[in-house]
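Trainee: From the sequence below, what's the structure:
(chains A and B)
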Number of protein chains: 2
Amino acid sequence: MARAKNVLWIMCDQLRYDYLGCTGHPTLKTPNIDAMAKRGVLFTKAYVQSPICGPSRMSFYTGRYMRSHGSHWNGWPLRVGEPTLGDHLKSIGVRNVLVGKTHMAPDLEGMKRLGIPPESLIGVHVAECGFEPYERDDGLHPTGRPRPKYDDYLRQQGFEATNPWEHWANSGAADDGSLQNGWLLTHADKAARVPEEHSETPYMTRRAMDFIAEAETDGKPWCLHLSYIKPHWPYIAPEPYASMYSTSDMLPVMRSERERQNPHPVFGAYMDMRYSRNMARDDAREKVIPTYMGLITQIDDQMGVLMKFLREHALLETTMIVFTSDHGDYLGDHWMGEKDLFHEQSAKIPLIVIDPSTDADATRGTRCDALVEGIDLAPTFVDYFGGKVPGHILEGRSLLPLLRGPTPSDWRKVAFSEYDYAMQDVRLKLNQPIERCRLFMVFDGRWKYIHASGFRPMLYDLETDPEEFLDRGDDPDCAGIIARLQAELFDWALHPNDHITTPREKIANYADNQLQMKGGILIGVWDEAELASIKDGMAQRAKM
Amino acid sequence: MARAKNVLWIMCDQLRYDYLGCTGHPTLKTPNIDAMAKRGVLFTKAYVQSPICGPSRMSFYTGRYMRSHGSHWNGWPLRVGEPTLGDHLKSIGVRNVLVGKTHMAPDLEGMKRLGIPPESLIGVHVAECGFEPYERDDGLHPTGRPRPKYDDYLRQQGFEATNPWEHWANSGAADDGSLQNGWLLTHADKAARVPEEHSETPYMTRRAMDFIAEAETDGKPWCLHLSYIKPHWPYIAPEPYASMYSTSDMLPVMRSERERQNPHPVFGAYMDMRYSRNMARDDAREKVIPTYMGLITQIDDQMGVLMKFLREHALLETTMIVFTSDHGDYLGDHWMGEKDLFHEQSAKIPLIVIDPSTDADATRGTRCDALVEGIDLAPTFVDYFGGKVPGHILEGRSLLPLLRGPTPSDWRKVAFSEYDYAMQDVRLKLNQPIERCRLFMVFDGRWKYIHASGFRPMLYDLETDPEEFLDRGDDPDCAGIIARLQAELFDWALHPNDHITTPREKIANYADNQLQMKGGILIGVWDEAELASIKDGMAQRAKM
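Mentor: The predicted structure is shown next:
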C-alpha cells in the first residue's frame, strides 16, 4: 500500500446513471470518463442515501444514513458534533479539501451553544462539513446572496454585472444577442454568454489543479473533493456544448400512461409539481436534454484535462480517483422533473473507482453489480489511506475488497435510501403532518420497495419491469415480497449506528463482570467464598 | 403561572414502583411520600426508557429515547452536542442544578475534536450533562476511583479511612463490631458503620437544602435535581433503618416455575446471571429486602425534612416537586436480580408530580393511569417554566395537561423502552454480534411486547396475567397482537427526532416554491409568462 497517497473524488451534480457512454448512452460522448471506467471499476448498482443534493451529500460526507446525520433537506444544518469524513481523515493525517459544492449548512446555533467561533480553525472545519475549503461554491447564486469567488473571476475576464454568475455564465443569448433568463426551461437551448473556458466546469477544474500543484510542496496526503455544479440546472451550456447535441440524440422518453392512472398518492402529488408538469412537456425535454448532454460532455472534456495533468505530475499511480454524482434527474421520465423519488433515473448514480494499487489490477475495466451506497465512499477512503474504519460511526462499507477481488459473500443484500418531503408542496397536497413525510426505499437488486408513512407501499419489479412502470404495492400477489422487504427496513430502522462515542473494540474487550470486579464494584456476589472463587478464576484467566 | 418559579426533581436509584405505601406496599412505611402523592398526581403507569441507570438517566436528562441520545450503557459517553434539559432551561434563564447522581460520562474525545476545554464554563456544562454540579456524586466509590466530597465530609466527622465511603458508610458491622464487606449480599442485614445522620441520604438532603438556601439570594429560577444513590446497592442501611423491617414484612416472591421451563433465550440467559442466581435464593432475599425497605423509609424521612424546609422557606407554593426513580429492582422476582428486562419490577417507576399552580388543584391526590415515559419530564419542566417546548428535539410530552385536567385524547397509546446487552455476559452466552444485542419494549397498557433482535418476541398480557408469568411470544393465538405492536415499533423506529437543528415552525413557515422564487432560484419554470403569473400569485397572497 505504499502507493496510497491521495484521493481525487470527483462529483457531478444531478448526473444520472445512464447519461454516460460507458453506462450505455448511445449518442452521448464521454470518451474520457469511459477511459476512466477502463482503468477502474464501474459500479452498476450504486444508490444515493437521499435523492436530493443536501441530504445525499451529508450522507456522502459523514458516511451515515440520513436518519443518522439528521440533515433531511437542503439548508437544514448538519448538527454540530456529527462526525465527518474530514474528522476521520484528520485523525490519520490526511487533508480533506474542497473545490466546489457541498451544500453544507452549518449548525450556527449549536456552535454558539458549544462556544465554537465560526472563524476559528475548528469552527471552519465544523462549518464546512470537515472540509478545508480551498474553493467553496454551491453553484446557485441568485442576486442578493453571498457571492462566489467565481464572480470575481468573471469580472477579471471583463464580464461585469451585479451578478456575473447569472448575467453571463447562466443566462442564454438569443439570436439577436439579447439576454434570456437561464432559469427558464424555454431558454435551455440558448448558449451561455461566456466562452467555454470561462464557464463553471473548466474554472473548477483549474482550481482543483491549482490545489494539487500547491499540495505538491506540502507533501501531506490529501483527499480532494472536486465537486462540479453541472449538469444541475440552470440548464445553460457554453458553446460548443450548447449546440453539440440535437433532439435526434435524445433517449426516448421513459413513461407510461398507466403511471398516471390511479397512481400512489405520493407519486401522484409529485407528478403534479410544477417542475414535473413542465418537464413532462416534449418541448421542455427538447430544450433541456441536449443541453444537459452538452454539459456532461463538457465535464468529460475536463476529465481529459485533469487526467493529463495528473499524468504529467506523476500522480496517477498514487491517487485513487472516484467519479460519481449526488443523484439523478428525471428529465421528464415517469412524468417527472427534478429528482425526489426512487426510480432509477433519480436514486441511481454513476460510480467509477480507480484504485491505483496493483492489488486492483485484476478488476480494471470490469463492472461490479454489487449493491453500493453513497455512504460506502467515506469508509473506502479511510481504508485506502490505511486508517482503521470506525465501524460504530460509519454505516457504509469499504469498497476496497470489491476493487481488489470478488464481492464478499456477506456483502449487503439490500440498499436503503430515504426522503423527507416536509419542506415541499407535496406535504400540503397530501395533508401530511410535518413529522410524517418520510419515504424509505429498500432495494434488493430486483425488487424496489418504498415505504411511505401514512400510505400503502410502492413496489417495482426491475426484472420483469425494468422501466418501473408498474407499481405493485397493492398487488396481493406481492404480499410476501413486501413483507420480506418491510422486515429488512424494520431491522435497519432498529439498528442505527447511534452510539458514536463507543467503539466496538471497547465493547468487545469488556468482559462485564470481570472488569466490574477489577474496578471494585461487586454486583450480586453472595459471600466471601464466592468472591474468592471469582478472583481465583480471574487470576487463572490472566495467566492464560 | 406567576407561581412557576422552581422545580425540585427528586430521583431515587433502583426504587421500584410497588415499594411505597401509596403504590400499595402493605408494610413499608412511607408517610411523607404518601403525603406528597396527596398533594399531587401519582402516575401509575410510568416507564423508563431503559431499565438501567446510565441510559435511563440520559433519556431523562435529554428528553429523548436511547436510540436518539445514543448512550446505551453506563459509562458510554453522551455525544457532544446532544441537547440536554440544561440547554433548554438555560435558554429561558433557568438554572439546572445537580445534587447527587447522574451517571454522566462526558464525550472527552468529541469535546477535544471541537476544541471545548473541559474546565471551561461550557465544558463543565457539556461534561455534566447540562447540569451545574453543586454536588456530583454517583454513589459507587470503590477504592482507586476519583473520590467524592462525601469522603471529606465523613473524615470531618472522624471516619478516617482510605475509602470512608466504603469503609464506614457502605460496610456492615458484625455483632462483634468487625467490618463486613457491604458489597456482598450475605452482609446486607448488617447495619452501616455510620450513624444515620452521616449516611448518604441525609447528607445529600442537606446539600440540596444548602443549595436552595444559597439560591434564595440569587433570585433566578432553578431546577434542582436531587438525585439519591439509594436504595441502590450496596444494600447497607444505617440504624434504625437496618433493623426496621424483618422478613415478615416482605412481599411474597413473584415467580413461577413455568418461567424456567423453556424460557425465551434472552430471559433464560438473564436468569442465569450470577446476580440473578444469587437474588433468587430465599436467604439472599431475606437479607436484602428488609434493608432495601429500610433505605426507602430513610428516604421517606428525608422527604419529611425537605418538605418542612420548603414550607419554612415559603417555597412550596412556587415549586413543582417531582419524586421518581431511574428504574426498579427485581429483588428475586422472576428469578432475577438487578434490573435489565422489562417486567413491571424493572421498567416501571414511581412518579409523583406536585404542580403548585391553582390550575392543578382539581387533580391533587388523584392517580393518573396514562402511559407516561421518563422522557416526559424534560418537556414538562420547560412547559412549567413557560418555555416553548422544542418538539423537534424532545421526544416526550409535557405532563402539564394531565396535571391540570383529563388526559388529552391524543395522548400516546404505547410506551417504549430499550435495552442493549452488548456489554454483558448475556451477549457471549447467546453468541450475539455486538450490534445485535438490542431489546425493545412496546406496552399498550395491557399487552407488553418485547422485540429481541435475532430471536422471537416476548409477550405478556397484564390483564389476564398481571404477574407476567406467561410469555405468549410464541403463541399463535397472539399473532394479531404481536403484529399490531410490532407495527407500532416499526413506526416509532422510522420516525425519530433526528433532525434536531430544524424546528417544526421553520418547516411550517416554509412554502417551498414561493420562498425559492423569492430567493431568486427558479426550479422548473417554463417561460416568462409563467414566471409572471407566479409572481402575480405571490403578490396576491402577500396582500391577503
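
Trainee: A strand includes A:Pro466, no?
Mentor: No - inclusion of A:Pro466 in a strand is not indicated when DSSP: H, G, I helix; E, B strand; the rest coil is applied; the result is coil.

Trainee: Domain parsing of chain A, as residue ranges.
Mentor: Domain ranges of chain A: A:6-411, A:504-542, per the TED database.

Trainee: For A:Pro466, find the nearest of those domains.
Mentor: With C-beta to C-beta as the measure, domain A:6-411 is the member of those nearest A:Pro466 (8.3 Å). Heads up, the C-betas are built off the backbone N, CA and C, glycines and all.

Trainee: quick one: average confidence on the closest one?
Mentor: In this model, domain A:6-411 carries a mean pLDDT of 97.

Trainee: so how far is it from its chain's centroid?
Mentor: On the basis of C-alpha atoms, centre = their mean, to the nearest Å, the separation between the geometric centre of domain A:6-411 and that of its chain is 7 Å.

Trainee: picking up where we left off before, B:Pro457: which of the domains of chain A is closest?
Mentor: Distance to B:Pro457, taken as C-beta to C-beta, is lowest for domain A:6-411 among those, at 22.9 Å.

Trainee: List the residues that contact the closest residue to A:Thr319 other than its chain neighbours.
Mentor: Setting aside the residues directly before and after it, A:Thr319 is nearest to A:Asn6 in space (C-beta to C-beta, 6 or more residues apart in numbering or on different chains), at 4.4 Å. Taking C-beta atoms under 8 Å, 6 or more residues apart in numbering or on different chains, we find A:Asn6 in contact with A:Pro221, A:Trp222, A:Cys223, A:Leu224, A:Leu315, A:Thr318, A:Thr319, A:Met320.

Trainee: Assign a three-state SS to the third one, would you?
Mentor: So the one you mean is A:Cys223. A:Cys223 falls in the strand class when you classify it by three-state DSSP.

Trainee: Just give me the neighbour total for it.
Mentor: Each residue near A:Cys223 was counted by other C-beta atoms under 10 Å in any protein chain shown, and the total is 27.

Trainee: Next one: it from A:Val322, what distance?
Mentor: Note on A:Cys223: its distance to A:Val322, by C-beta to C-beta, to the nearest Å, is 10 Å.

Trainee: who touches both of the two?
Mentor: Joint contacts of A:Cys223 and A:Val322 (C-beta under 8 Å, 6+ apart) are A:Val7, A:Trp9.

Trainee: Up against chain B, what does the stretch 1-150 of chain A have?
Mentor: Residues of the stretch 1-150 of chain A lying near chain B by C-beta under 8 Å from any C-beta of the partner chain: A:66-68, A:70-73, A:76-83, A:87, A:107, A:109-110, A:113-116, A:120, A:122, A:126, A:140, A:142-145.

Trainee: Tell me which of the domains of chain A sits nearest to B:Ser59.
Mentor: Distances from B:Ser59 to each of the domains of chain A were compared by C-beta to C-beta, and the smallest falls on domain A:6-411, at 18.0 Å.

Trainee: Please identify the most buried of the domains of chain A.
Mentor: Relative to the other members of the domains of chain A, domain A:6-411 carries the highest mean neighbour count by mean count of other C-beta atoms under 10 Å in any protein chain shown, namely a mean of 21.

Trainee: any idea which helix or strand carries the residue lying closest to A:Glu200 once chain neighbours are set aside?
Mentor: For A:Glu200, ignoring the flanking residues on the chain, the nearest one in space by C-beta to C-beta, 6+ apart is A:Ile229 at 5.5 Å. Assessed by DSSP states H and E, A:Ile229 sits inside strand A:222-231.

Trainee: Tell me which strands that strand pairs with, and in which orientation.
Mentor: Based on DSSP bridges, the strands next to strand A:222-231 in the sheet, each with its direction, are strand A:6-13 (parallel), strand A:95-100 (parallel).

Trainee: Okay, the closest residue to A:Gly365 other than its chain neighbours and A:Leu15: tell me how far apart.
Mentor: Nearest-residue entry for A:Gly365: A:Lys38, 4.5 Å, with adjacent residues in sequence omitted and distances by C-beta to C-beta, 6+ apart. When C-beta to C-beta is applied, the distance between A:Lys38 and A:Leu15 equals 19 Å.

Trainee: do A:Asp383 as well
Mentor: If you measure A:Asp383 against A:Leu15 using C-beta to C-beta, the figure is 25 Å.

Trainee: Setting aside sequence neighbours, what's the nearest residue to the residue nearest the centre of chain A?
Mentor: Residue closest to the average C-alpha location in chain A (C-alpha atoms, centre = their mean): A:Asp326, at 3.5 Å. Here the nearest residue to A:Asp326 in space, its sequence neighbours aside, is A:Ser56; by C-beta to C-beta, 6+ apart that works out to 4.7 Å.
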